[in-house]
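Visitor: let me see the structure of the following:
(one chain, ligands or ions: 1)
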Amino acid sequence: MIPEAAATLATCIVVVFLIRWIHTQWLHPFPGNPHKLPLPPGPQPRVIVGNLQDLPTGGREWDGYAALAQRFKSDIIYLRVLGTSILSLNSYHVANELLNQRGAVWSDRPRLPMIKELMGWDWNLVLQSYNEGFAAHRRIVQQHFQPGVVSGQYRPVMKFEVKVLLQNLLVAPARFPDHLKRYVWIRFLFIAPEASRAKFSMAGAIIMMVTYGHRVCTDDDPFVQLAEEVRRGSEGTPGAALVDTMPILKYLPSWIAPFKRLALSKRGLSVKMREAPFLMVKEQLAAGNAVPSMVSSLLEDESRPNDGSDEELIKNCGGVVYSAGADTTATALTNFFLAMCLYHDVQRRAHTELDTVVGRGRLPDFADREKLPYVGAILKETLRWKAVTPLGLNRRAEIVIIDHTSGVPHCTTEVDEYRGRHIPAKTTVLPNISAMLHDREVYADPDEFKPDRFIPQGTEHVAPDPARAAFGFGRRICPGRYFADDSIWIAISNILHVFSIRSPDAGIKQSDVQWSSGLVSIPSAFSCDIQPRFEGAVNLVGEDS
Ligand code: HEM
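Guide: Sure thing, here's the model as predicted:
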């Protein structure tokens, strides 16, 4: 009797909410548009589902959005799906005008009840709403990843870890894919479940060291295990799309909402992810054996309020860097390996530059960077050629995967007007980073890997630095971009200096490789032949740092 009554009550509640929802979504969908301005261009919506069928799906969604932009001859495309407004931004120009220049209104994240409210990831800066809490978290992460800190404190860690990578490539070159997996464990935690035999990575190892002072040495490292647990816990979140589109569903009792049971069962992982490494640092500080790190320095900072809320803040900041820091960096490096397999001339020119500037008696160092413009251009072209985050944001957001939007984009907080068009409040905004980095008007032959476009030649304009789009926009721009830039540069310059990279049969084509869908776009497996390129190279790798 009691369960029956409860079921009836629950059904009534849902029906009332549904009526309210339908009323706001379809009868009065665009409050705050007194002049009845038109919406931005886009396909005609259908009844109830809106543009559900027009949403690019099935892989390479960024190309689908770019195709819509071409079809409607507009770099902004508006779609409305089950009551949610979606705006796709397909040129740097429009992203700059809206996300960079109107940051006060265009810097929120969508609500995402599944991951934030039910699974408990609301502490994660990547997903946080644009409010005071966000500002406090962002300030800390930014301070610890600003250029001076990165170059002063983190470069030694990068140099150490890049040497480990070189040694592994030298010892077992044929296992190049394994080395890259090892290099990128965090990537596999969140993105490629089937490839999760990966151990730890240079990028992951650097992040663990600078964030917690923890050296990752083995694949049964507790934090690697924990991250692996998080990855397993993030697999398959049925119902996520539905509850993210209709947040009222989160109020359904667990016994009639399987997605809610599932989300709540995974809640513990989000707590563990930020608690476990934080508690380790606290214990080490008490014992007097903590290795200096971002978290230890925040805990020791006497100017900070010594209270519980500050501890929460520090815990969250450590957790976000731990969960966000390595996947993208490693994906960029995978793309670099592929480019080197495909473009031998580029590699040859880099080798010549390295031989001239660095010589063959030592490894390249950060002090050489200014004198190695071609290597720098390879880094830029790597970030441009294959956008690491083609539709904006990645990592923790990855586990949400709102099916129809493929990611965690920006979101508007208020109604706005742009080019005479009405932009509703709470519009989900997808910056199409891939389209911006492949804009033919800006980068000629965009599918080709041409570092020369960044080298000044006569009176020709140098192409704009892809970093202006690759790391996102405005007040949500990636705070780890200087760190990423340094860690990719030191890896690229050292790998190029020591090795010659080829596809074994010299026959690999770009079309043989597929890039995965989702927020971080990963190339499918490809073979690589990696050989030391001169006699003394082996000795360079073997030397202690
Ligand atoms: C090649 C490397 C990387 C790329 C391409 C990249 C790209 C991005 C992009 C596109 C965003 C979204 C920005 C937006 O919403 O407009 C982002 C956000 C973020 N990134 Fe990175 N990232 C990289 C490396 C890193 C590293 C090494 C860290 C850690 C230190 C990091 C930490 C973050 C955080 C915490 C956010 C969320 C910022 C916020 O929401 O306010 N990223 N990144």
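Visitor: okay, helices next: where are they in the stretch 351-500 of the chain?
Guide: For the stretch 351-500 of the chain, the helices defined by DSSP state H, counting those that start in this stretch cover 373-385, 433-437, 467-470, 481-498.
Visitor: now the ones you listed as JSON lines including mean neighbour count and mean pLDDT?
Guide: In short, each C-beta sits where N, CA and C put it, glycine included. Formatted as JSON lines, the helices of the stretch 351-500 of the chain follow (neighbours: other C-beta atoms under 10 Å; pLDDT from 0 to 100):
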{"stretch": "helix 373-385", "mean neighbour count": "23", "mean pLDDT": "98"}
{"stretch": "helix 433-437", "mean neighbour count": "27", "mean pLDDT": "96"}
{"stretch": "helix 467-470", "mean neighbour count": "21", "mean pLDDT": "96"}
{"stretch": "helix 481-498", "mean neighbour count": "23", "mean pLDDT": "95"}
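Visitor: so which bits of the stretch 51-200 of the chain are right by the ligand?
Guide: 125, 126, 138, 141, 145 (C-beta under 6 Å from any ligand atom).
Visitor: ok, the nearest residue to residue 337 once chain neighbours are set aside - how many residues close by?
Guide: Nearest in space to residue 337, with sequence neighbours left out and distances taken as C-beta to C-beta, 6 or more residues apart in numbering, is residue 528 at 5.7 Å. Using other C-beta atoms under 10 Å, the number of residues around residue 528 comes to 22.
Visitor: assign the residue of the stretch 1-150 of the chain found nearest the ligand to helix, strand or coil.
Guide: Across the stretch 1-150 of the chain, no residue is closer to the ligand than residue 126, which sits at 4.1 Å (C-beta to the nearest ligand atom). Of the three states, residue 126 takes coil under DSSP: H, G, I helix; E, B strand; the rest coil.
Visitor: help me confirm that it comes into contact with residue 319.
Guide: No: Residue 126 is beyond contact range of residue 319, at 10.4 Å (criterion: C-beta atoms under 8 Å).
Visitor: more neighbours: these two, which one.
Guide: Per other C-beta under 10 Å, whichever of residue 126 and residue 319 has more neighbours is residue 319, with 26 against 19.
Visitor: where does the stretch 1-150 of the chain dip in pLDDT?
Guide: Residue ranges of the stretch 1-150 of the chain with pLDDT under 70: 1-30.
Visitor: what of the stretch 401-545 of the chain?
Guide: For the stretch 401-545 of the chain (pLDDT under 70), the answer is 401-408, 506, 518-519, 543-545.
Visitor: go with 50
Guide: Scanning the stretch 401-545 of the chain for pLDDT under 50 picks out 401-407, 545.
Visitor: the ligand contacts on that one?
Guide: Proximity of the stretch 401-545 of the chain to the ligand, by C-beta under 6 Å from any ligand atom, involves residues 410, 470, 471, 472, 473, 476, 477, 478, 479, 480, 483, 484.
Visitor: if we use 8 Å, what do you get?
Guide: 408-410, 431, 433, 470-481, 483-485, 487-488 (C-beta under 8 Å from any ligand atom).
Visitor: after the helix or strand hosting residue 279 comes which helix or strand?
Guide: For residue 279, the host element (DSSP states H and E) is helix 258-287. Using DSSP H and E, the next helix or strand after helix 258-287 towards the C-terminus is helix 294-300.
Visitor: how big is the angle separating the helix or strand just after that next one from helix 258-287?
Guide: Next along the chain after helix 294-300, taking DSSP H and E as the criterion, comes helix 308-324. Computed with axes from the mean of the first three to the mean of the last three C-alpha atoms, to 10 degrees, the direction of helix 308-324 lies at 110 degrees from that of helix 258-287.
Visitor: the helix or strand just after helix 308-324 to helix 373-385, inter-axis angle?
Guide: Sequence-wise, the next helix or strand downstream of helix 308-324 (DSSP H and E) is helix 327-342. Here the directions of helix 327-342 and helix 373-385 differ by 110 degrees (the same axes, to 10 degrees).
Visitor: residue 462 and residue 452, how far apart?
Guide: Using C-beta to C-beta, to the nearest Å, we find residue 462 at a distance of 10 Å from residue 452.
Visitor: tell me the pLDDT at the closest residue to residue 119 other than its chain neighbours?
Guide: Nearest non-adjacent residue to residue 119, counting by C-beta to C-beta, 6+ apart: residue 263, 4.7 Å away. Note on residue 263: pLDDT of 83.
Visitor: residue 154: what's it in contact with?
Guide: 206, 210, 483, 486, 487 (C-beta atoms under 8 Å, 6 or more residues apart in numbering).
Visitor: do residue 120 as well
Guide: Applying C-beta under 8 Å, 6+ apart to residue 120 gives the contacts 267, 270, 271.
Visitor: now a ChimeraX select for only the buried ones of the residues you listed.
Guide: The buried subset of the contacts of residue 120, as determined by 16 or more other C-beta atoms under 10 Å, is captured in ChimeraX by this line:
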select :270
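Visitor: nearest to the ligand, of the contacts of residue 120?
Guide: Nearest to the ligand among the contacts of residue 120 is residue 270, at 15.4 Å by C-beta to the nearest ligand atom.
Visitor: which ones are touching the closest one?
Guide: 119, 120, 121, 123, 124, 230.
Visitor: so residue 216 sits against residue 222, correct?
Guide: No: if you go by C-beta under 8 Å, residue 216 and residue 222 don't touch, sitting 9.8 Å apart.
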